[in-house]
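Engineer: compute the structure for the input listed below.
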Amino acid sequence: MRQSTRGVPMPSWERREIVLRTNATGHEMTAPVFVCRGRDERPLAHVQANVHGAELQGNAAVLALFDLLERESVRGTVVLVPRVNPISANQQVGDYVEGVYDFGTGANFNRGYLYLTGPSRSSSAACYVDVDSFAGVNRDATLREIRDHFREALKAALAAVKAEAGTWGMDARLEFALAIQEMAVEADVVLDLHTGDRAPRYLYAPEGAVAAARSFGFPFVLEVPYRFGGALDEACFVPWQDLSDAFSRIGRDDVPRFVDGFTVELGSMNAFSVSAGEEDARRIASALRYYGVLDGEPDVPAHRVVACPLGDYRSFSSPAGGLVDAAVLPGTPVKRGDLVARLVDFQRCRRLPPRAADAVVEVRAPEDGIVLLFHASASVPKGARLFSMMTRTRNL
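Structural biologist: The predicted structure follows:
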């Protein structure tokens, strides 16, 4: 291992590529994978960015991590995958990247991953792990044996899905999911870097992961229940929670959830800042220290961290179509009845001479909470999500 000028062992690096899709002219659409190896193989962190085409800022964080990891004392392994989705990155219409949904299938790129501890795409038992059977067979195993054997079982399930698909051909959505999950299944912690529409920095974290969530230092945390909904963070941590619950059912309460997954929201879409990426990378490094991937202690949050359950993160549907004049910034606390936005609809001006006040619809907060996110566009139809709020918040 290389030595720095301070005598600290420096990590080794490797680069490879993964194929996400092959287009109609036979060209492979690939993403680069950079692997930073420290003293030990584990803990292993998988960090990917830009699965949705317009959510760009995570790439700036990965860029900054290249240099930051050279300065850190790396204990484990960090897998970095910027621009993980070349399909969505190239779905550009005019000046805008429409990258949440796949133009070919209509599906959300972050809702097609496989639930490896429950029947999903296949009826074959080989394509998922029965956690109760696994717990019964491994009742007396050590924690390390349980962790290692279960990871091998998850990898075998992925291989079975892939083999089964070979008979009739693999659809594009499955090919994409497998390419990513075959990497992420190796990880002890998974960070999927996204952005909101118009939003501050915030975090989706598994319920109960309080200290881990605080190690990121983000001011807002949405607590994700132990249920699978198709996103990568859930695909990574829910099977391990299922495993822990299965052992509890047979009287072993010492088996933790060995793997955590987070969706890390780095501001607003269609924005990219190298300087802001340096701060984002520092926060990610703090979390990697918490998980022991890097040596040292995580940073203490510089401000209050506010959380709410995902079920209390509520979206407000626009009562009218029009142009949006936000009355508050994303991340602002509000009380019920406070003005959140004004909608301007010129069709409402029926009197002459026309008056500006006639065109305006005021939108007020339906509950106390924090306005976390606004619709990406300043023009919305009636019924579209106008903003989303954290309600029933608590300090984390």
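
Engineer: residues touching Met390, list them.
Structural biologist: Phe220, Leu222, Val306, Cys308, Asp312, Tyr313, Gly369, Ile370, Leu372 (Cβ atoms under 8 Å, 6 or more residues apart in numbering). (Glycine included, C-beta is placed from N, CA and C.)

Engineer: mind checking the backbone torsions on it?
Structural biologist: Phi and psi for Met390, reported as degrees, to the nearest 10, are phi -80, psi 130.

Engineer: what's opposite it in the beta bridge?
Structural biologist: With DSSP bridges as the criterion, Met390 is bridged to Tyr313, Ile370.

Engineer: how long is stretch 199-215 end to end?
Structural biologist: End-to-end span of stretch 199-215 (Cα to Cα, to the nearest Å): 20 Å.

Engineer: an error on my part: the question was meant for stretch 349-363.
Structural biologist: Across stretch 349-363, the straight-line distance between its terminal residues is 18 Å, by Cα to Cα.

Engineer: which outside residues touch that stretch?
Structural biologist: Where contact means Cβ under 8 Å, 6+ apart, the residues beyond stretch 349-363 that reach it are 316, 318-320, 322, 339-346, 348, 386.

Engineer: ok, 7 Å please
Structural biologist: Residues external to stretch 349-363 that are found in contact with it (Cβ atoms under 7 Å, 6 or more residues apart in numbering): 319-320, 322, 339-346, 348, 386.

Engineer: tell me how far Arg257 lies from Gly76.
Structural biologist: In this structure, Arg257 and Gly76 are separated by 18 Å, where distance is defined by Cβ to Cβ, to the nearest Å.

Engineer: so for the two, which residue has more residues nearby?
Structural biologist: Using other Cβ atoms under 10 Å as the criterion, Arg257 and Gly76 rank with Gly76 on top: 23 against 18.

Engineer: for that one, which residues are in contact?
Structural biologist: By Cβ under 7 Å, 6+ apart, Gly76 lies in contact with Gly38, Asp40, Arg42, Pro43, Leu44, Gly292, Val293.

Engineer: repeat that with 10 Å
Structural biologist: Taking Cβ atoms under 10 Å, 6 or more residues apart in numbering as the contact definition, Gly76 lies against 11, 36-45, 188-189, 288, 291-295.

Engineer: Gly251 now?
Structural biologist: Here Gly251 is in contact with Arg139 (criterion: Cβ under 10 Å, 6+ apart).

Engineer: so it: helix, strand or coil?
Structural biologist: Following DSSP: H, G, I helix; E, B strand; the rest coil, the label given to Gly251 is coil.

Engineer: measure it to Arg147 for me?
Structural biologist: 19 Å.

Engineer: and Val324, by the same measure?
Structural biologist: In this view, Val324 and Arg147 are 48 Å apart by Cβ to Cβ.

Engineer: is it true that Ala320 lies in a helix?
Structural biologist: No - remark: Ala320 does not belong to a helix; assigned using three-state DSSP, it is coil.

Engineer: buried ones in the helix or strand hosting Ala159, by neighbour count?
Structural biologist: Counting by DSSP states H and E, the secondary-structure element that holds Ala159 is helix 143-168. If you call a residue buried by 16 or more other Cβ atoms under 10 Å, then helix 143-168 has these buried ones: Ile146, Arg147, Phe150, Arg151, Ala153, Leu154, Ala157, Leu158, Ala160, Val161, Glu164, Ala165.

Engineer: show me what that helix is packed against.
Structural biologist: helix 131-137, helix 172-184, helix 232-249 (3 or more Cβ pairs under 10 Å, 6 or more residues apart in numbering; DSSP states H and E).

Engineer: could you give the average pLDDT over the second one?
Structural biologist: In this case it means helix 172-184. Taken as a whole, helix 172-184 carries a mean pLDDT of 96.

Engineer: now do the first one
Structural biologist: Averaging the model's pLDDT scores along helix 131-137 yields 97.

Engineer: tell me what that helix is packed against?
Structural biologist: Where contact means 3+ Cβ pairs under 10 Å, 6+ apart, helix 131-137 is packed against helix 143-168, helix 232-249.

Engineer: the same query, at a cut-off of 6 Å, please.
Structural biologist: The criterion is 3 or more Cβ pairs under 6 Å, 6 or more residues apart in numbering; DSSP states H and E, and the helices and strands that helix 131-137 contacts are helix 232-249.

Engineer: alpha carbons of the helix it packs on, in PDB - could you do that?
Structural biologist: What follows is helix 232-249 as a C-alpha-only set of coordinates in PDB (Å, rounded to 0.1, in the frame of the first residue of the first chain):
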ATOM      1  CA  LEU A 232     -32.500   1.000  -4.000                       C
ATOM      2  CA  ASP A 233     -32.100   1.900  -0.300                       C
ATOM      3  CA  GLU A 234     -35.100  -0.400   0.500                       C
ATOM      4  CA  ALA A 235     -33.700  -3.200  -1.700                       C
ATOM      5  CA  CYS A 236     -30.500  -3.000   0.300                       C
ATOM      6  CA  PHE A 237     -31.700  -2.700   3.900                       C
ATOM      7  CA  VAL A 238     -35.100  -4.300   4.100                       C
ATOM      8  CA  PRO A 239     -33.900  -7.900   3.400                       C
ATOM      9  CA  TRP A 240     -31.400  -7.500   6.300                       C
ATOM     10  CA  GLN A 241     -34.200  -6.200   8.500                       C
ATOM     11  CA  ASP A 242     -36.400  -9.200   7.500                       C
ATOM     12  CA  LEU A 243     -33.500 -11.400   8.500                       C
ATOM     13  CA  SER A 244     -33.200  -9.800  11.900                       C
ATOM     14  CA  ASP A 245     -37.000 -10.100  12.500                       C
ATOM     15  CA  ALA A 246     -36.900 -13.800  11.500                       C
ATOM     16  CA  PHE A 247     -34.200 -14.500  14.100                       C
ATOM     17  CA  SER A 248     -36.300 -12.600  16.700                       C
ATOM     18  CA  ARG A 249     -39.200 -14.900  15.900                       C
END
